[in-house]
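In: test case, fold it:
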Amino acid sequence: MLLTRIREFFVNAGVLEVETPVLSAAGTTDPAIESFTTTYHGPGPCHGSRLYLHSSPEFPMKRLLAAGAGSIYQICKVFRDGESGRRHNPEYTLLEWYRAGFDHVALMVEVEALLREVLRDLLPLAPARHWTYRELFVEYAGIDPFATSVSEIRQVLQAKGSNAPPGLAEDEFDGWLDLLLTHVIEPALDPGLVFVSEYPASQAALARLLPGEPPVAARFEVYLDGVELANGYHELTDAAEQLRRFERDNTRRGARHLAAIEPDRRLLAAMRSGLPDCAGVALGIDRLLMIAGGVSHIDEVMVFPLGTA
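Out: Below is the predicted model:
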């Protein structure tokens, strides 16, 4: 029923459903994500090539955008190695969509409209609350994330009964902020729909930066009843900057003793040809089902979770 409602929402909004390959010659460079890989052994020029099971359909969808597809969406299975737990399964269902001519602010409005429509008569939603990343940290952790230190973050964690994992290096500042977010702030979030925006520039990923000091990303995340549900950007369209970010990712991967990932040259070529101004967001369907069904473990909304297929 949820998938039917999602499709009806996008039909009414004039957004085209698309399908892109699950196997790709390019993987994500994000050091926080590990892809499943395989090797093609058949005939043709791709013989012996490494292929990646996609962790998101983002790159080929952006190539469609650059080719003139207009606003598009996709519901698909995605894969991430090493992710299993109460809210994680290495294979899960993702809704991803891109709106030509939108910025992240307009897309937040549409995300809220989608959730209200999809969850009607299942989970009534009060008006959403909006926080900036800085406001959230000041309110729930008592620190300014743009003017703090690892020492101060460690003190807050210890005061809240949390400790850093032994592998977290002192120079992994974003990792410390993320630890504070997941262990202190997220459990304290009010029930209902919460939008968080203006993330640090170092956490921009594929989002453009907003002017000002300090620079922040045109990025938002969506929480519903304390569960992280979606992540969206006013998309970066500058191919040269995107390549620099891919290279920075690989530097960070090297520092963590992870294999480097070749940047997606086809995506970069599409961006150079003219990726239109757009905003995009990815929303976890399984987590949405968890919330709608009132269950606490992702296994409860999957027919064949990890280890049972």
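In: read off the pLDDT value for A164.
Out: Turning to A164, the model gives it a pLDDT of 77.
In: right, I mislabeled it, should have said M1
Out: Confidence score, pLDDT, at M1: 84.
In: list the helices and strands the longest helix seen in the chain packs on?
Out: When the chain is scanned for its longest helix (criterion: DSSP state H), the result is helix 239-255. Counting contacts by 3 or more C-beta pairs under 8 Å, 6 or more residues apart in numbering; DSSP states H and E, helix 239-255 is packed against helix 265-274. For every residue, glycine as well, the C-beta is placed using N, CA and C.
In: who does the helix it packs on touch, helix- and strand-wise?
Out: helix 58-66, helix 239-255.
In: and the ones you listed, which is most packed in?
Out: Greatest average neighbour count among the helices and strands packed on helix 265-274 goes to helix 58-66 (a mean of 22), per mean count of other C-beta atoms under 10 Å.
In: which helices and strands sit right next to it?
Out: Using 3+ C-beta pairs under 8 Å, 6+ apart: helix 58-66 touches strand 72-79, strand 91-100, helix 265-274, strand 278-284.
In: redo that, cut-off 7 Å
Out: strand 72-79, strand 91-100, helix 265-274 (3 or more C-beta pairs under 7 Å, 6 or more residues apart in numbering; DSSP states H and E).
In: out of the ones you listed, which is the most enclosed?
Out: strand 91-100 (a mean of 22).
In: show me the contact partners of it.
Out: 6, 15, 56-58, 61, 65, 70-79, 107, 110, 276, 278-286 (C-beta atoms under 7 Å, 6 or more residues apart in numbering).
In: which ones are touching the residue positioned nearest the centre of the chain?
Out: Nearest to the geometric centre of the chain sits N231, at 4.2 Å (C-alpha atoms, centre = their mean). Listed by C-beta under 7 Å, 6+ apart, the contact partners of N231 are 221, 281-282.
In: just confirm it is within a strand.
Out: Yes. N231 forms part of a strand when assessed by DSSP: H, G, I helix; E, B strand; the rest coil.
In: any idea how far it is from P45?
Out: 35 Å (C-beta to C-beta, to the nearest Å).
In: again with L51
Out: 13 Å.
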